[in-house]
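Chemist: here is my input; please provide its structure:
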Amino acid sequence: MEASDLGLVLIPLLAVAAPLLARGVRPVVRVPIVVFELVLGILVGPAVLGWVEPGPLLEKLSDFGLALLFFVAGTEIDFRQVTGKPLARASLGWLLSVLLGIGLGFFFAPGEGMVVIGIALSSTALGTLMPILRDARELDTPFGRAISTVGAVGEFLPLIAISIFLSTRTTPIATAVLLAFVVLAGLAVLLAHRVPHGRLHRIVRATLHTSDQFGVRFVILLIAALVGLSVMLDLDMLLGAFVAGAVWRIIMARAPKESAEQVESKIEAIAFGFLVPIFFLYTGVTFDLQALLTSPTALALVPIFLIALLVIRGAAAQLSAPQGMSVRDRAALGLLAATGLPIIVAVTAIGVDQDMLDTGTAAALVGAGMLSVLLYPLIGMTLRGDRAEVVGPPRAGESVQGEL
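Modeler: Residues are numbered from 1 along each chain as shown. This next block holds a predicted model:
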């Protein structure tokens, strides 16, 4: 059996092993499952054992997983809260982050490469943080809302920056194309708001437990349509996935709560039970460990970029801290805001493909992103404290989601 075929068996096996490992170490330390997925991917990939090789099928499944990760992030955001002053402060924080990131990038990759580094260091992995916040029952707290706002801006604005500054088109044309996408996405959001959804909700409810599964099929169509529009316009596909999540949240806002929760559960099952683990495992498989270990310079950049993420994003996040937040909670806010990986993976891949960034620097950025996912949520949620002890056990009928 070839390595590419073996991967079709090993990847599901590792996807099952990762949550077991996470639960095994939980009595000692609470480690996000994504850390085990990344490490296991590196272990079986070409960098170590060589049991799994990158291939077109796994790559496509990984792309779908990344798209679903951003779709779910879009569905988790309450856009009624991410407006006004919170949005303005988070946007100002992101602007400061990207300028500081570009300034730092000038020392390591003068020219277009410093823009890649700036965008990477200005990102926040909202899709990775949302399940952690949900498991800790923090989504509806002021702390959770602050993270949601910072994370939404830290994922969406870097995607905008990628589409404008790293496009193969000239900047004016890229901006015009992006504006066209924004107009079309705005029309989709407007239609989702204005068009009555009663009949759609009835069909979704009637097919929840049948082979029709209309709600799930409609979500897949929505993602495919907006991702396809992004690709057709030569924009990053994650823009379309993120907007699709926002549109779906609006569509289901007035649906019966039970129906909406059941469809959400089915989508999460597809995302976190199937495709998202493939993305993180495949990220580990394709991680260029050799470029990192054979270059002392690249290896030295890992802690530099890791600290830069904390300083740049952590400091900017303080603009979004609610009034009266304690020093411990401010530190936790900064640590979670400094957690980045999906955008870093996406932007460094573009940078390497377009010869803006060398493989060593790209590997250092991705390595720093991996370490940020390992360390910062763990330290941040430890500082924040165990929310379950504060709010008590789940109420009757309240489900507890699995952890990412």
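
Chemist: what degree of burial does A125 show, as a neighbour count?
Modeler: 29 (other C-beta atoms under 10 Å). For every residue, glycine as well, the C-beta is placed using N, CA and C.

Chemist: ok, now how distant is it from F181?
Modeler: Here A125 is placed at a distance of 23 Å from F181 (C-beta to C-beta, to the nearest Å).

Chemist: got it, and K85?
Modeler: Applying C-beta to C-beta, the value for K85 to F181 is 27 Å.

Chemist: which residues sit in contact with E37?
Modeler: By C-beta atoms under 8 Å, 6 or more residues apart in numbering, the contact list for E37 reads L14, A15, A18, P277, F280, L281, G284.

Chemist: cutoff 7 Å now
Modeler: Shown in contact with E37 (C-beta atoms under 7 Å, 6 or more residues apart in numbering): A18, P277, F280, L281, G284.

Chemist: how close does it sit to L61?
Modeler: In this view, E37 and L61 are 14 Å apart by C-beta to C-beta.

Chemist: helices of the stretch 151-300 of the chain, residue ranges please.
Modeler: Counting by DSSP state H, counting those that start in this stretch, the stretch 151-300 of the chain has helices at residues 171-194, 198-206, 214-232, 237-251, 257-270, 276-286, 289-293, 296-317.

Chemist: so of the ones you listed, which one's packed in deepest?
Modeler: Burial of the helices of the stretch 151-300 of the chain is given as mean neighbour count (mean count of other C-beta atoms under 10 Å); helix 276-286 ranks first at a mean of 27.

Chemist: got a list of contacts for that helix?
Modeler: The contact list for helix 276-286 (C-beta under 7 Å, 6+ apart) reads 11, 14-15, 18, 34, 37-42, 44-45, 52, 54, 58, 61-62, 65-66, 68-69, 345.

Chemist: quick one: the strands in the chain?
Modeler: Here the chain has no strands by DSSP state E.

Chemist: so where's it uncertain?
Modeler: 1-4, 78-83, 167-171, 193-197, 386-404 (pLDDT under 70).

Chemist: now with 50, please.
Modeler: For the chain, the stretches flagged by pLDDT under 50 are 387-404.

Chemist: what sits against the residue nearest the centre of it?
Modeler: By C-alpha atoms, centre = their mean, the mean C-alpha position of the chain lies nearest to G127, the distance being 3.4 Å. Shown in contact with G127 (C-beta under 7 Å, 6+ apart): L69, F70, V72, A73, P342.
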